[in-house]
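Trainee: would you be able to build a 3D model of this:
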Amino acid sequence: MVSRLLRLTTVRLISRLHNSAHTQMTHSKIIECVPNFSEGRDHLVIDAIAKSIQSIPGCTLLHVDPGVDTNRTVYTFVGSPSSVIEAALAASKVARANIDMRKQSGEHPRIGALDVCPFIPVRSVSMEECVEYSKEFGLRLSTELEVPVYLYEQSQQLEYRRELADIRKGEYEGLTDKLVKPDWKPDFGPVSFVPEWGATVCGARKYLIAYNVNLLGTKEQAHRIALNIRESGRGPNERGLFDKVRAIGWWLEDKKLAQISINLGDWEVTNFHTVFEECKRQARSMKLSVMGSELIGLVPLSALLEAAEFYIQQDDLFVMDEGQKVQLVADRVGLNSLSMFEPSKRIIEYMVTQPPAPLLALSVRDFIDAVQDRTPLPGGGCVAALTSSLGAGLGLMYCQLSYGQRKYSDIDPIMRASLPVLNNACRQLMLLVQEDSDAYESILEASRMKRGTAGEQQLRAQAMQVATKRAIESPLQVIKVASSCWESMIKVAAVGNPNALSDLRVGAKSLETGIWGACRNVEANLSMLEDKGMCKEVEQLSARLYKEAQTACEKIQLIIEGRLEANKATK
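Mentor: Residues are numbered from 1 along each chain as shown. Predicted coordinates:
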């Protein structure tokens, strides 16, 4: 029993240790669910399903996307694992009472009233955990509604049953024959055909992007392009161009155009802008025109930013602001062609509000008051991260004062290269102000664990080591991120706006001071670490980076002093 508790505690704490600083603090678990119901025309049913999801505490309905021609509605909601499972079940019960597959038809392939119900890890949840949540849902759905359920993607152990297209082959109309085949026995629920429902597919998967490219052509022409781009191509002997891509062509009667309907199973392998550009190329070769595209449901911000970098590099642009990058992508792939693409309602990170990091929400006065209070937090580690952030911020300010003006146009390439580096560093260092505090809290939490028995002492010792590693990683990350600024700051010091050189001097010294403070924090926490190999490695790294910081800071000061002396001489 102690061994099992030890493993569970270790997993929990290691997971917390490795949370990115971008999460700002330890968050509760969040998963996403994107059920596809085979009803896109009856708004009373569509709304009833939405209300059932909204009725579950701890669950947030983010998006409802009905399709008239496809006769299908995609719902997107997030929340704690338990609330998401309850919401998916509540929605399914409404569908059971209101959708009759015997009367359903539409352009989209389907196998049941609840056609597919994927679960996606969003925050502080592993794929393995998501698999278990999907199985819990599948079991309960099959038991409470008495319907057959298939597992797919990460939740399915049998390779031939992992792909949605393979399970869906033959669609609803072929279920009667499929269910009785031994190879296609449902994972949960009855083997018998339930005519009004069909069957449901559920499982855990990576974030899938549903994406359509609009084509001024026929359904057959759209499907020809779909066959060329999708992974399965035209069959085993004629594979398509892109991995993790499924696609078909269809006709939208209400829009009077064809679409290449695409599912990107892993956007990190093949992103939507890559597919869009290839569809455009193939359409041109067929003397057809692509008229923009549309994203169905929500999309990860990272996918849009990756697409933005592609167009920035392709067209040699300089765009640093996140919002402008999103606008650039919307323009390049025509996301506003059929309806307005509203980032605040379509990007998942913008929809899932996170509480601000407490320390970053403080005013300057309140932060200083908090530092001087008779409490250990915020302490030297937080101040070191803040000081480094201010140093990077002053470097960023100096670049902005040197960029975009005609008299400094000859140095625009240097500023263009430096601005993103300093901007990213400044933002990361701000988040590390809070992370340092959270890391110390994890040590306090571990120290409060019971230690009455030998088993409890073992658990506490293990937890202390995990928390100590996190407390080392936080200031070490400050050192690494701050150190990434030096190359850019040295370059801009030599050529930037002469009227703001004093600001850059302060920025460089602040950066060096922040690194020095973070090094002292690393040293203090290393004394509690039992892993001597890690101790030596971290000591050497932090010492080397601080030495480099001293050298770089001194170099910047000398460059600036030389420029100031030269300016005096010319007056």
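Trainee: find the nearest non-adjacent residue to Arg349, please.
Mentor: That one is not Arg; residue 349 is Glu. The shortest distance from Glu349 to any non-neighbouring residue, by Cβ to Cβ, 6 or more residues apart in numbering, is to Leu301 (4.5 Å). C-beta: built from backbone N, CA, C; applies to glycine.
Trainee: so what's the residue nearest to Met464 when sequence neighbours are not counted up against?
Mentor: If the residues on either side of it in the chain are set aside, Met464 comes closest to Ala446, at 4.7 Å by Cβ to Cβ, 6+ apart. Listed by Cβ atoms under 8 Å, 6 or more residues apart in numbering, the contact set of Ala446 reads 13, 460, 463-464, 466-467.
Trainee: about what we covered before: distance of the residue nearest to Glu349 from Cys33?
Mentor: 19 Å (Cβ to Cβ, to the nearest Å).
Trainee: comparing the two, which residue is more hemmed in?
Mentor: Cys33 (26 against 16; other Cβ atoms under 10 Å).
Trainee: ok so, going back, buried among the contacts of Ala446? Make that a ChimeraX selection.
Mentor: Listed next is the ChimeraX selection for buried residues among those, using 16 or more other Cβ atoms under 10 Å:
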select :13,460,463,464,466,467
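Trainee: centre of the chain versus whichever strand or helix holds the residue nearest to Met464, how much separation?
Mentor: Secondary structure assignment for Ala446, by DSSP states H and E: helix 412-447. Mean C-alpha position of helix 412-447 versus that of the full chain (Cα atoms, centre = their mean, to the nearest Å) differs by 18 Å.
Trainee: same check on stretch 365-382?
Mentor: 32 Å.
Trainee: Phe242 against Phe276, yeah?
Mentor: No: using Cβ atoms under 8 Å, Phe242 makes no contact with Phe276, being 11.5 Å away.
Trainee: buried residues in the helix holding Ala446?
Mentor: Buried, per 16+ other Cβ under 10 Å, within helix 412-447: 414-416, 418-443, 446.
Trainee: now the element after it, going C-ward?
Mentor: Downstream of helix 412-447, the next assigned helix or strand under DSSP H and E is helix 454-483.
Trainee: angle of the following helix or strand past that next one against helix 412-447?
Mentor: Toward the C-terminal end, the helix or strand that comes next after helix 454-483 (DSSP H and E) is helix 486-495. On the basis of axes from the mean of the first three to the mean of the last three Cα atoms, to 10 degrees, helix 486-495 is oriented at 140 degrees to helix 412-447.
Trainee: for helix 486-495, C-alpha coordinates in PDB please.
Mentor: Output in PDB follows, covering the C-alpha atoms of helix 486-495 (Å, rounded to 0.1, in the frame of the first residue of the first chain):
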ATOM      1  CA  TRP A 486      22.800  39.300 -24.200                       C
ATOM      2  CA  GLU A 487      23.500  38.800 -27.900                       C
ATOM      3  CA  SER A 488      20.700  41.100 -29.000                       C
ATOM      4  CA  MET A 489      21.500  43.800 -26.400                       C
ATOM      5  CA  ILE A 490      25.100  43.900 -27.400                       C
ATOM      6  CA  LYS A 491      24.100  44.400 -31.100                       C
ATOM      7  CA  VAL A 492      21.600  47.100 -30.400                       C
ATOM      8  CA  ALA A 493      23.900  48.900 -28.000                       C
ATOM      9  CA  ALA A 494      26.400  49.600 -30.900                       C
ATOM     10  CA  VAL A 495      23.900  51.100 -33.300                       C
END
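Trainee: show me what that helix packs onto, helices and strands only.
Mentor: helix 380-401, helix 412-447, helix 501-526, helix 532-570 (3 or more Cβ pairs under 8 Å, 6 or more residues apart in numbering; DSSP states H and E).
Trainee: buried sites along the last one?
Mentor: Taking 16+ other Cβ under 10 Å as the basis for neighbour counts, the residues of helix 532-570 that come out buried are 535, 538, 542, 545-546, 549, 552-553, 555-557, 559-560, 563.
Trainee: same deal with the shortest one?
Mentor: The neighbour-count criterion (16+ other Cβ under 10 Å) identifies 380-401 as the buried residues of helix 380-401.
Trainee: where in the stretch 251-400 of the chain is pLDDT low?
Mentor: Residue ranges of the stretch 251-400 of the chain with pLDDT under 70: 352-356.
Trainee: could you redo the last one with a cut-off of 80?
Mentor: Residue ranges of the stretch 251-400 of the chain with pLDDT under 80: 349, 351-357.
Trainee: just the strands in it please.
Mentor: Using DSSP state E, counting those that start in this stretch, the strands of the stretch 251-400 of the chain run over residues 257-264, 289-296.
Trainee: for stretch 71-86, list every residue counted as buried.
Mentor: In stretch 71-86, counting by 16+ other Cβ under 10 Å, buried: 71-81, 83-86.
Trainee: among those, which pair sits farthest apart?
Mentor: Asn71 and Ser80 (31.7 Å; Cβ to Cβ).
Trainee: so which strand or helix has Leu89?
Mentor: helix 81-98.
Trainee: so which elements touch the following helix or strand past that helix?
Mentor: Per DSSP H and E, the first helix or strand lying C-terminal to helix 81-98 is strand 114-123. Counting contacts by 3+ Cβ pairs under 8 Å, 6+ apart, strand 114-123 is packed against strand 30-33, strand 36-37, helix 81-98, helix 127-145, strand 200-204.
Trainee: closest one to Ile347 among those?
Mentor: strand 30-33 (13.0 Å).
Trainee: quick one: the closest one to chain centroid distance?
Mentor: Its chain's average C-alpha position is 12 Å from that of strand 30-33, according to Cα atoms, centre = their mean.
Trainee: what do you get for stretch 327-336?
Mentor: 20 Å.
Trainee: what comes up buried for it?
Mentor: Buried, per 16+ other Cβ under 10 Å, within stretch 327-336: 327-330, 332-335.
Trainee: go ahead and confirm Phe276 touches Val333.
Mentor: Yes: proximity of Phe276 to Val333 meets the contact threshold set by Cβ under 8 Å, at 4.8 Å.
Trainee: between these two, which contacts overlap?
Mentor: In terms of Cβ under 8 Å, 6+ apart, Phe276 and Val333 are both contacted by the residues Ser293.
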